[in-house]
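>>> I need the structure of the sequence given here:
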Amino acid sequence: MTANLHGVSHPSELTAGAALAWFTGAGDGGEVIGYLFAPDRAEWFRCDGAVAQGPEGPRDLAAAYELVATDGKRHLRWTHRASGAGPAVSLSEPQELLPPGEQLPAEPPRTRLAGTAARKLAGTVRESGDGWSTLGSARYAPCQVPVAAGKGKEIWADMAEYAVSDEHGNISVIDTLLIALRPRAAAKDRRA
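Now for the predicted structure:
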């Protein structure tokens, strides 16, 4: 059985905070995590209601130019366009989980590829507490992620990939969506 991806867009442009409120308002109360990009930073967050929270409190969304959130079943994408606002889109396999909005085109169908893709976040866990882990490496600045993990572990992002095919049967991945973050033993420990 294949699963198709469905989507809606909010009928007007929103701020990042309003987009999170639109998205979380339609949920079942499950944990929502995500990340944002701003000119001076990239940060992960966990939602408390519709508020993006970091380990020290609310994240500042004012300068964000991109925001992605998920509860593992539904996804939000928001992009800044002008004056602090931009379009918001929510995607889900079960259409009934989507917030109210304008339906995105269903053609061509976006079909989920079998299995789950996994991508390692840079670094290893340097410290952990209160449901957050700090990743660090010699190459990148420390990064706090919303997952509890032991020191020395790696954090992996589980992703769902969706493909379309053209009239010639060519298949192209068109969407890759975050499902969850999970800790995993570091590569040197997996070889042992």
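
>>> just checking, next helix/strand downstream of the lengthiest helix in the chain?
When the chain is parsed with DSSP state H, its longest helix is helix 16-25. Later in the chain than helix 16-25, the nearest helix or strand by DSSP states H and E is strand 33-38.

>>> and the next helix or strand past that following strand?
strand 41-48.

>>> what's next to that next one, contact-wise?
20, 24, 31-36, 52-54, 59, 69, 131, 143-146 (CB atoms under 8 Å, 6 or more residues apart in numbering). Glycine gets a C-beta too; all of them are placed from N, C-alpha and C.

>>> from those residues, which would you call buried?
Among the contacts of strand 41-48, those scoring as buried are 20, 24, 32-36, 52, 59, 69, 143-146 (criterion: 16 or more other CB atoms under 10 Å).

>>> in TSV: those residues, plus distance to His75.
As requested, the buried ones among the contacts of strand 41-48 are arranged in TSV below (distance: CB to CB, whole Å):
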residue	distance to His75
Leu20	12
Thr24	12
Val32	10
Ile33	11
Gly34	9
Tyr35	12
Leu36	14
Ala52	15
Arg59	18
Ala69	7
Cys143	21
Gln144	21
Val145	18
Pro146	16
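
>>> the longest helix of the chain to strand 41-48, inter-axis angle?
40 degrees (axes from the mean of the first three to the mean of the last three CA atoms, to 10 degrees).

>>> okay, the angle between helix 16-25 and strand 33-38?
Using the same axes, to 10 degrees: helix 16-25 against strand 33-38 is 170 degrees.

>>> which elements pack onto helix 16-25?
Here helix 16-25 touches strand 51-54, strand 66-70, strand 74-79, strand 88-92, going by 3 or more CB pairs under 8 Å, 6 or more residues apart in numbering; DSSP states H and E.

>>> and Thr116, which of those strands is closest to it?
Between Thr116 and the helices and strands packed on helix 16-25, the shortest gap by CB to CB is with strand 66-70, which sits at 13.3 Å.

>>> remind me, longest strand of this protein?
In the chain, assigned by DSSP state E, the strand with the most residues is strand 171-184.

>>> please name every helix or strand in contact with that one.
strand 33-38, strand 66-70, strand 154-165.

>>> now with 10 Å?
strand 33-38, strand 66-70, strand 74-79, strand 88-92, strand 111-112, strand 117-120, strand 154-165 (3 or more CB pairs under 10 Å, 6 or more residues apart in numbering; DSSP states H and E).

>>> looking at those, which has the lowest confidence?
Mean pLDDT values for the helices and strands packed on strand 171-184 show the minimum at strand 111-112, a mean of 90.

>>> any idea what Tyr35 is bridged to?
Under DSSP bridges, the beta-bridge partners of Tyr35 are Trp44, Val68.

>>> enumerate every residue touching it.
Residues near Tyr35 by CB atoms under 10 Å, 6 or more residues apart in numbering: 42-45, 52, 59, 64, 66-70, 143, 145-146, 157, 178.
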